[in-house]
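>>> pasted the sequence and its predicted model underneath.
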Amino acid sequence: MDRIDIDTWESISAEGWSSLLLGNGASIAIHKEFAYPTLHGIADAKGLLGTTAPIFAKLGTTDFELVLLACWYAEHVNGALGTPSAAISAAYEEVRTALIEAVHSVHPVHADVAADLQRVGAFASVFPTVVSLNYDITLYWAMLLFNAANGSWFKDAFHDGEFQTDWEYLRRPYGHAAGATLVFYPHGSLAVARDYLGDETKLAVGAGAAGDLLGTITRRWASGHYVPVFVSEGTSKQKVAAIRRSHYLTNVYEEVLPSLGESLVVYGWSFDERDQHVLDAISANPPKRMAVSVFTGQPDGDQQAFCHQVLKAIGRSLPGTEVTFFDSRSPGCWNNP
């Protein structure tokens, strides 16, 4: 195989880029604990699904949201019929508690990553559009910090908790912000939730309370009124099915991913086959150029193998897209000084 050159971020950053797509490697760069297998795997290993593991097996899923919704609907149906079931209520409580404990076991507290947030916000702010495949709230924290100093620069298209489907108007700078970056979560986020009627909202706090955002979110889950909207596990087909259950995720999948512009930077994404649906959505209007980060902390042979894997994946789905590679640990890139 031909050797592939890996540039620095500085050597390509001046070219101007339309959008930024973030994969799990972006979260791992901030907090190593995000290199977990799956939330379900963590909960199972901790023995948190003692009586409810058969529900996951019966539904053929490791998706917490799907199981929580199934228990939630069953509980409400039984209540409506006057046949409440203590077993279903207990199952819902166990799954919800397992999810909360699994999230807390891998997610950092604000103070642990505060040093990275300013650099992340500054890096992301140069892109008109950012899409994050990660469900954690480190990017959300970085947005709050940057906006506190620069006005409403980052916008996630939620207004008073409601998603704005006509989000293009939000590209106009607002207030004293000198620019605007729209941020979307194709796989959802801990901060996006729905009630049992299907209404979706964003769980938010003010910039001054950013440090308590994770606690606020899990307390809202614990109230029993909301379940989270995020897709963290499963095959590409299963992820698409989960996306279709959500108004927000469907809009991002059908409207945002196909409109990322002519040039796309990809940071921390493995191009795993379980995310083939992301490439499929982008292929509706493929970028002319793509820059893909490579983790240079691994052996050279692994770096080259990854580059060839990416070229193969892009060649299948986006055959006309020109691809370059850059070092994920480059100065000024993501959370790097």
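Structure's in. What do you need?

>>> strands of the protein, residue ranges please.
19-22, 129-132, 154-155, 158-159, 162-163, 181-184, 188-194, 200-202, 227-230, 263-267, 289-294, 322-327 (DSSP state E).

>>> mind putting these in CSV, mean neighbour count and distance to residue 236 included?
C-beta here means a position set from N, CA and C on the backbone, and glycine is covered the same way. Below are these laid out as CSV (neighbours: other C-beta atoms under 10 Å; distance: least, C-beta to C-beta, whole Å):
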stretch, mean neighbour count, distance to residue 236
strand 19-22, 25, 16
strand 129-132, 23, 16
strand 154-155, 22, 29
strand 158-159, 15, 26
strand 162-163, 16, 24
strand 181-184, 22, 19
strand 188-194, 24, 15
strand 200-202, 19, 23
strand 227-230, 25, 16
strand 263-267, 23, 17
strand 289-294, 22, 19
strand 322-327, 19, 21
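
>>> give the residue farthest from the middle of this protein.
Here the chain reaches farthest from its C-alpha mean at residue 82, the gap being 39.5 Å by C-alpha atoms, centre = their mean.

>>> I'd like to know how far that residue sits from residue 74.
Using C-beta to C-beta, to the nearest Å, residue 82 is found at 14 Å from residue 74.

>>> with residue 39 instead?
Counting by C-beta to C-beta, the gap from residue 39 to residue 74 is 22 Å.

>>> those two - which one has more neighbours?
Comparing residue 39 with residue 74 by other C-beta atoms under 10 Å, the one with more neighbours is residue 39, at 22 against 17.

>>> check contacts around that one.
64, 99, 102, 103, 106, 232, 233 (C-beta atoms under 8 Å, 6 or more residues apart in numbering).

>>> of those, which is the most crowded?
Taking other C-beta under 10 Å as the neighbour criterion, residue 64 ranks highest of the contacts of residue 39 with 26 neighbours.

>>> which residue comes closest to that one once chain neighbours are left out?
Using C-beta to C-beta, 6 or more residues apart in numbering and skipping residues adjacent in sequence, the residue nearest residue 64 is residue 99, 4.7 Å away.

>>> I'd guessed the one you found sits against residue 226; true?
No: look at residue 99 against residue 226 with C-beta atoms under 8 Å: they stay out of range, at 11.9 Å.
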